[in-house]
Each structure stands twice: as C-alpha cells, then as structure tokens.
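Novice: 3D model of this:
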Amino acid sequence: MTDPKLPSATVVFAAEEPRCNRKIRHNLEQYAPHNSQALGALTLDIPFWGLDDPLSDLLLDSRYPNFAFFPNEHPNSNLEFRLNQLTTDLREFCTTHSPDGQGLGFPAATYTTILSVQNFMNLVDLFFLRWHAQWPILHWPTFDVDKTSLPLLLAVALSGAAYSRAEDGVETGPVFAKAFYQAAEAYIFDRLDALCPPVDGAERVLHDNAIEVCQAALLVVVIQKSIHDPVIRRRMFAKRHPILVATVRSLGILSFKHRDCTMPSWEMFIRDELLVRLVTWTFLTDALPPLLCNQPPSMILSEMTGDLPCDEMLWNAETETDFNKRWLETITTVHHRPNLQQLVTNLFDDNWEDSPRKNQCRPSADHLSLMMWALQPVIFNLRTTVPIQFSVSSVLCALQRWWSAWDSTPRSHRLGPAKHAPELATLTKKILKAGQRKDDKFSAYLSGLAREDTMHIHEFIKTELATTTYTYT
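Specialist: Now for the predicted structure:
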C-alpha cells in the first residue's frame, strides 16, 4: 500500500475479494444506451491501474471510431437523460474553467467512455463491489442513480473506475485519461465551493444535495490521495482536503448525533447515519497523511464528539422491515455508543483497570480500527512538538489497552478495513520505539519531514518490520 512504485494504493484493495456478496442491484437491461453496439464487448475490467503509466493521456478516437461524442438528442431512459446533462455540464465547465492555470481539455471519446449508460452502470457496480466495503459512506440498498445528485454520480463512477483492472495484462476496455479525472475533480469542488456560507453568516439549511456534494468531494479526495503522484497529492493536501474539512466543519455536523427516537423510521435513520459516516470518514482521510507522509492534520480529535457509525448489519438492511427487525436486535448498543473522542481518551485513563469504563465500553472491531487511526494525528503531534521520550510511555500503555480490547472482539467481525488494524497497531508501536532509540541510525521518516509521497514510511516499514510478526486471535 505504501510502495511508491505502485501507481496507486487502490491496486492492493482491488486485488482483494469483495467483502459483500450482495447481488448487483441494477438491472442493466432496463437501460438502452444509444451507442451500445459501438461499445462491443466492454467488460468490468477496465485497465485503469493495470498499466505502467495508468494516468497517461491517451487519445481514444482511433481505437473507438464509432463512439457518439455528444449527448444523445433522444434519450430513452431517465438515467441516459441525466448522464447527457452531466456531459453537458462537464463540457461547459471545461470551457469556462482552467484551475491552477492548467487546461482541462481531454479526448472527446472519454465522455462517452465513462458516461454511456452501460459503462456507467458497470462502474457503479464496481464501486459497490470493491470500494464500498472499504469506505461505506453511501447507503447501497437505497442508492438510486435516477435521483442521486450529478456530482455524486460522477464521483461514484470515477471511484469504480479506479478499482477496475486488466486481467493478465490484456487490455479489455478503454483507458480513462488523466485530464478527465482532473476535470471531474475541479467540477465537483466547484460545486462544493458553492456550499460556502454567506458572508453575513446567515444560517444554512442542510439539504440532501449539500450532503451528496460533500460525499462526492470526499470520494474524490480519497481516490486522488491514493495515487502515487506528488503533484496530485500536493493539490489534495494543500487545497482540496482543507476545503472539504472546512466545508464539513462549517455545516456544523462534526458533533452530529442520531436524533433521539425509540423507533426511528428507516428514512430518518439513513439520513442521520449518512451524516455520521460523512464526518467519520472525512476524519479518517485526515488521519492518513500524518502517518504516511508526515503531513499535519486539519482536524483534531476533540472535534469528534458525535456518534460513531452503526453496525454494518444494521446499515446494510435491505428493506424497512429488515431494518426494524435489526434495530430491535441492536437497540441497546445503539443507545449507548460513546464517541471517538471518549474511546481514545479512555485508552489513556490511568485508572483503566479499575475504571467502570473498561467494562461499559466494549468497542466493536470497526470502532477499534477507527480508534487506531485516530491515534495517528495524536502521535504525529507528539513526536513533532515534544521529545518523544516524554510522552511515549502513556501512548504505549494506550496501545496495550487497545490490544486487550481487540483480543476480545470476535474474529468473524474483523472484516474490511478493520482486519488491517493489528498491522497498524504494530507499526505504531515500532514508530514509538524507534523514536526512543539512542543510536546514530538516521531515519528520514522519524525526522518529521513532510512529503507528498510515501517513500520514507515505506523505507521505515521495510527496515523496522522486516523481522516483526504480530499475532492475534
């Protein structure tokens, strides 16, 4: 994942089997794209990250001469009409905007490559099969391509494309140009900028569209940060991610909690949980750079006083009836959920063994994974502001308590991102121990020099973890 020789960290996750076995919900036969014959045998395995230079600007015209480069004047499905609208919006945006002094032009065929109905639905399916398990910020059972905002539709398709791959090095579909990602990124953040509060500080009403634009921006930040390209990463660190954090903060949802209700409606629960997950995974994207690139965080743990994400079984309920049943089964845990700040603070409690918190607070594997990530900005701030020997003992004690809690979680619950939590805990301990060493061995990573790439952390891992193993039950 940290190897800078890889084109993107997503290749690691793309190679994994999908976590969720739910059948694809979309019936592609209900859509009739006007250029379906020209698409031929396009498959899900679009070789985006499988090439030596996955972000090359490739002219597609010569290889796909029959593509219709402009929106169909007579769409025969609502989705095709909406994709035509998105195509028009992107063309107009690229004509009138050129952020950072760079052009936004790219091959015309790229529009149809990603925004034809069948291609688009294939990418949506890829998103939910491979991306959703790692970043479950959308609600799969109720995701509706006919109603979702255009920026979020575009972000979902781009994320699905990032998880596509070529089989055995054989090219099976068109390659998306780098400029298309740049244009889509600029388009989505232009919509995010429009959410900024009025100068007079008037109160903003939180509409569904605002939530979806923030979700779209979050997906773009995640996928662009994963690309091992210093120019793209620099733009994410210095510009895009801070804007996303500032927007989420200005929405006043960092401390958001589910509305107090004995039996909420499925619709109300979904909307509240979408906000919880937007905040949680925005914080998670903020916790990655301090560990991987020595980049300072934009958020602080004390802000995370809202609810944590609910159990995935409850979140993935297919119907309202199924939700009601699962709600009643989990109602005790739902109403006694500590926030992330409390959970991490508890790890530093000097009276941990005697404190009732130890027994009252039994975080799930998913929440323990979030806690381990939440520790990363804390540790970064400690090792870059004070001599680490002054603070390392308390953090090591917190890590030991974390391991104790992790060992008590059922092995069957350690799925998705949570299954990597022990590796992160081991790496965290190694970083702390290495910082304590009094030898002449220089570590570029421990020097705290901020970078856009992951070379220093990758070299540190190879050096420090070469003989390290971790065990857990």
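
Novice: the protein: strands as residue ranges?
Specialist: Read by DSSP state E, the chain holds no strands at all.

Novice: and stretch 372-391, what's buried?
Specialist: If you call a residue buried by 16 or more other CB atoms under 10 Å, then stretch 372-391 has these buried ones: 372-383, 388, 391. Bear in mind the C-beta positions are built from the backbone N, C-alpha and C, glycine included.

Novice: ok, now stretch 185-195?
Specialist: Glu185, Ala186, Tyr187, Ile188, Phe189, Arg191, Leu192, Leu195.

Novice: between those, which is closest to Glu318?
Specialist: Ile188 (29.3 Å; CB to CB).

Novice: surely His97 and Asp190 touch.
Specialist: Yes: contact status for His97 versus Asp190: in contact at 6.9 Å, counting by CB atoms under 8 Å.

Novice: just give me the least confident of the buried residues of stretch 372-391.
Specialist: Minimum pLDDT for the buried residues of stretch 372-391 is recorded at Ile388 (61).

Novice: quick one: least confident helix or strand in this structure?
Specialist: Every helix and strand in the chain was compared by mean pLDDT, DSSP states H and E; the lowest is helix 36-39, with a mean of 33.

Novice: surely Ser116 touches Thr87?
Specialist: No: counting by CB under 8 Å, Ser116 sits too far from Thr87 to count as a contact (9.7 Å).

Novice: more crowded one of those two?
Specialist: Each of Ser116 and Thr87 has its neighbours counted (other CB atoms under 10 Å); Ser116 has more, 25 against 19.

Novice: any idea how far the more buried one is from Asn122?
Specialist: 10 Å (CB to CB, to the nearest Å).

Novice: may I see the buried residues of the lengthiest helix in the chain?
Specialist: In terms of residue count, the longest helix belonging to the chain (DSSP state H) is helix 266-293. For helix 266-293, the neighbour count (16+ other CB under 10 Å) marks 266, 269-293 as buried.

Novice: which residues of the protein score low on pLDDT?
Specialist: Residue ranges of the chain with pLDDT under 70: 1-76, 98-113, 164-179, 196-205, 332-336, 352-361, 386-390, 438-441, 465-473.

Novice: which of the buried residues of stretch 372-391 lies closest to Arg249?
Specialist: The nearest one, if we look at the buried residues of stretch 372-391 relative to Arg249 and count by CB to CB, is Pro377, at 15.4 Å.

Novice: show the contacting residues for the closest one.
Specialist: Asp286, Ala287, Pro290, Pro297, Met299, Ile300, Leu301 (CB atoms under 8 Å, 6 or more residues apart in numbering).

Novice: ok, it to Ala287 distance?
Specialist: Here Pro377 is placed at a distance of 5 Å from Ala287 (CB to CB).

Novice: joint contacts of the two?
Specialist: Pro297.

Novice: list the contacts of the residue lying closest to Phe380 once chain neighbours are set aside.
Specialist: Once flanking residues are discounted, Phe380 sits nearest to Pro290: 3.7 Å by CB to CB, 6 or more residues apart in numbering. By CB under 8 Å, 6+ apart, the residues touching Pro290 are Pro296, Pro297, Gln376, Pro377, Ile379, Phe380, Asn381.

Novice: so the third one touches Ala287, yeah?
Specialist: Okay, so that is Gln376. Yes: counting by CB under 8 Å, Gln376 sits close enough to Ala287 to count as a contact (4.9 Å).

Novice: which residues are contacting stretch 264-273?
Specialist: 139, 142, 208, 256, 258-259, 261, 309-310, 315, 317, 320, 323-324, 327.

Novice: so which of those are in helices?
Specialist: Using DSSP H, the contacts of stretch 264-273 in helices are Asp208, Trp315, Glu320, Phe323, Asn324, Trp327.

Novice: which among the residues you listed gets closest to Leu152?
Specialist: Asp208 (10.2 Å).

Novice: circling back to that earlier point, of the buried residues of stretch 185-195, which belong to helices?
Specialist: When the buried residues of stretch 185-195 are checked against helices (DSSP H), the matches are Glu185, Ala186, Tyr187, Ile188, Phe189, Arg191, Leu192.

Novice: let's have those in JSON lines, adding distance to Gln215.
Specialist: JSON lines is the format used below for these (distance: CB to CB, whole Å):
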{"residue": "Glu185", "distance to Gln215": "14"}
{"residue": "Ala186", "distance to Gln215": "17"}
{"residue": "Tyr187", "distance to Gln215": "15"}
{"residue": "Ile188", "distance to Gln215": "10"}
{"residue": "Phe189", "distance to Gln215": "13"}
{"residue": "Arg191", "distance to Gln215": "11"}
{"residue": "Leu192", "distance to Gln215": "10"}
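
Novice: closest to Glu452 out of those?
Specialist: Nearest to Glu452 among those is Glu185, at 16.2 Å by CB to CB.

Novice: and the closest one, what does it touch?
Specialist: Glu185 neighbours (CB under 8 Å, 6+ apart): Val220, Gln224, Arg240.

Novice: hmm, 7 Å instead?
Specialist: By CB atoms under 7 Å, 6 or more residues apart in numbering, Glu185 lies in contact with Val220, Gln224.

Novice: what of the one 10 residues further on?
Specialist: For Leu195, the set of contacting residues under the criterion of CB under 7 Å, 6+ apart consists of Ala210, Val213, Thr247.

Novice: which of the buried residues of stretch 372-391 fall in helices?
Specialist: Using DSSP H, the buried residues of stretch 372-391 in helices are Met372, Trp373, Ala374, Leu375, Gln376, Pro377, Val378, Ile379, Phe380, Asn381, Leu382, Arg383.

Novice: the nearest residue to Asp146 once chain neighbours are set aside: neighbour count?
Specialist: In space, Asp146 comes closest to Asn78 once its chain neighbours are excluded; the distance is 4.9 Å by CB to CB, 6+ apart. Using other CB under 10 Å, Asn78 is surrounded by 12 other residues.
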